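1. Build me a model:
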Amino acid sequence: MSGAADSVDVVIVGGGIAGCALAVKLAEAGFSVVLLERSTRFRDHVRGEALLPWGVAEARELGLEQALLAAGGGYAGALVACGDGVSYHEAAQSAVDLSKAVPGVPGALNVGHPDACEALLRSAEAAGAQILRGVVDIEIPAGEEGVIRFAVARRKRRVRCRIVVGADGRRSAVRRQTGLRLMSSTPRTYGAGLLLGGLPWPTGENAGGTEGDLHYLAFPRESGVVRTYLFWDAARGNLVSGSSSAQDYLHLLSSQFLPDGCDLGGAAPKGPCAAFPMNDSRCDHINPPGAVLVGDAAGWSDPLIGQGLSIALRDARMVAETLIWNRNWHPDIFRGYCAERAERMRRLHISARLATELRCGFTAEARNRRRKWNEEVQRDVRLSGPLLGNLAGPETVAAEAYDPSVIRRILALGEY
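-> Below you'll find the predicted structure:
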């Protein structure tokens, strides 16, 4: 690409999961695609390492499942829900069968986020997309629809395109420069993550549990490492900052129920330890003139419920299919995508709030609520609807499961 004005069909800003998946699909369909990525090497940002069953179905629709498996991904067919005095060993006897969530999908796919991004970037390049890394100073000039400027290798470039896709994450330059407003909720919890080696974790078992004043999640990989997460009340602030963050994290994790033989004394950190306030966000509008947003750039759900990768792949598939099926790209072409995403995210935001109350409530009332919910859900499946939607896809659950009356009924279970 020269420094002069070039013309392509699509410019994708951001080489994460959503951007790369979209680039693969569009390039395979014969569109000219340029993908702009800021980083020269993908780093471990702690989040986004479990693809739940409905996300696996999206990966298959996009033809990307094998690329994720080749990147070190592997399936976990069980979810062990321990805590509140129930040991991991006891809980494993009645583990949730994740293979039943989506027909034909063997479970959740656990994969390292940097590895997944690199694999999908290579897939996009192999499909014919032009990849530019180390891109900075991205600018979408006001009044010049279909034009994007940027710098790479100390050279300024200008490209004209039919559509700009903002896949550039939470701090999206595309969102900001097109004047879209992001609205974020107030964090209820803090979440921290650490990749660990040296733990003989059962490979096919994801886990989660609430014990004391902490909630934890674990996603083991085929390579023998385990991505672990801890969550606590946001009022406590960041508990794992500074030079001792990994040691502090391991001390906190030691209070949780782990599989037999998983001695944290032999655990070795295999990446950074980082903590973040957990919240969700939304944009009222994600399709400004000449552009469309996908993935976190368009708003995210609370990472507590692990929907980020699935959302990114659904976004990529829907935008790709919209552009492929409608070669005449009229201004309201993304109306269907925008409506579907708005309802999808509305349901996931409700689910995240409910999950926070159920999993990250650390009072006696919250423990009582969890106990009663586990009993009541056997009699009324509607009470599990929002959380089942996290596995099978939010659209697969009856709309009434997200009704405020149902949520109030669940939350009232903790009352004595």
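2. Going by C-alpha atoms from here, please, whenever you check contacts or count neighbours.
-> OK.
3. ok now do the residue nearest to the spatial centre of the chain, which residues does it touch?
-> What sits nearest the mean C-alpha location of the chain, by Cα atoms, centre = their mean, is Gly308, with 1.4 Å. Counting by Cα atoms under 8 Å, 6 or more residues apart in numbering, Gly308 makes contact with 48, 295-296, 300-301.
4. could you dump these to a markdown table with neighbour count, pLDDT and secondary structure?
-> Below are those laid out as a markdown table (neighbours: other Cα atoms under 10 Å; pLDDT from 0 to 100; DSSP: H, G, I helix; E, B strand; the rest coil):
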| residue | neighbour count | pLDDT | secondary structure |
| --- | --- | --- | --- |
| Gly48 | 20 | 87 | coil |
| Gly295 | 26 | 98 | helix |
| Asp296 | 24 | 98 | helix |
| Trp300 | 24 | 98 | coil |
| Ser301 | 26 | 97 | coil |
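5. quick one, phi/psi of the residue nearest to the centre of the chain?
-> For Gly308, the backbone dihedrals (degrees, to the nearest 10) come out as phi -60, psi -50.
6. so how far is Arg344 from it?
-> 12 Å (Cα to Cα, to the nearest Å).
7. which residue ranges form the strands in the stretch 201-350 of the chain?
-> Secondary structure of the stretch 201-350 of the chain (DSSP state E, counting those that start in this stretch): strands at 205-211, 214-220, 226-233, 268-269, 274-278, 281-283, 291-293.
8. tell me what the shortest one is packed against?
-> Contacting strand 268-269 under the criterion 3 or more Cα pairs under 8 Å, 6 or more residues apart in numbering; DSSP states H and E are the following elements: strand 189-197.
9. The strand it packs on pairs with which strands?
-> strand 226-233 (antiparallel), strand 268-269 (antiparallel), strand 274-278 (antiparallel) (DSSP bridges).
10. All the helices of the stretch 251-400 of the chain, in order from the start?
-> 308-325, 335-359, 364-376, 385-392 (DSSP state H, counting those that start in this stretch).
11. buried residues in the first one?
-> Spelled out, it's helix 308-325. 308-324 (16 or more other Cα atoms under 10 Å).
12. likewise the third one?
-> By neighbour count, and taking 16+ other Cα under 10 Å as the criterion, the buried residues in helix 364-376 are 365-370, 372-373, 376.
13. returning to that earlier point: how much space between the residue nearest to the centre of the chain and Phe150?
-> The spacing between Gly308 and Phe150, counted by Cα to Cα, is 27 Å.
14. so what's the residue nearest to Leu413 when sequence neighbours are not counted up against?
-> Of all residues not flanking Leu413 in the chain, Arg369 sits nearest, at 5.0 Å (Cα to Cα, 6 or more residues apart in numbering). For Arg369, the contact set (Cα under 8 Å, 6+ apart) comprises 358, 410-415.
15. Can you say which of those residues are buried?
-> Applying 16+ other Cα under 10 Å to the contacts of Arg369 flags 358, 410-411, 413-414 as buried.
16. Turn the residues you listed into JSON lines, columns for distance to Asp332 and secondary structure.
-> Converted to JSON lines, the buried ones among the contacts of Arg369 look like this (distance: Cα to Cα, whole Å; DSSP: H, G, I helix; E, B strand; the rest coil):
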{"residue": "Leu358", "distance to Asp332": "40", "secondary structure": "helix"}
{"residue": "Ile410", "distance to Asp332": "40", "secondary structure": "helix"}
{"residue": "Leu411", "distance to Asp332": "40", "secondary structure": "helix"}
{"residue": "Leu413", "distance to Asp332": "45", "secondary structure": "helix"}
{"residue": "Gly414", "distance to Asp332": "46", "secondary structure": "helix"}
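17. so which one among those has the lowest pLDDT?
-> Within those, pLDDT reaches its minimum at Gly414, with 72.
18. next one: phi and psi at Cys161?
-> In terms of degrees, to the nearest 10, the main-chain angles of Cys161 are phi -150, psi 170.
19. From Ala352, how far out is it?
-> Distance from Cys161 to Ala352, counting by Cα to Cα: 37 Å.
20. neighbour count winner among the two?
-> Ala352 (24 against 21; other Cα atoms under 10 Å).
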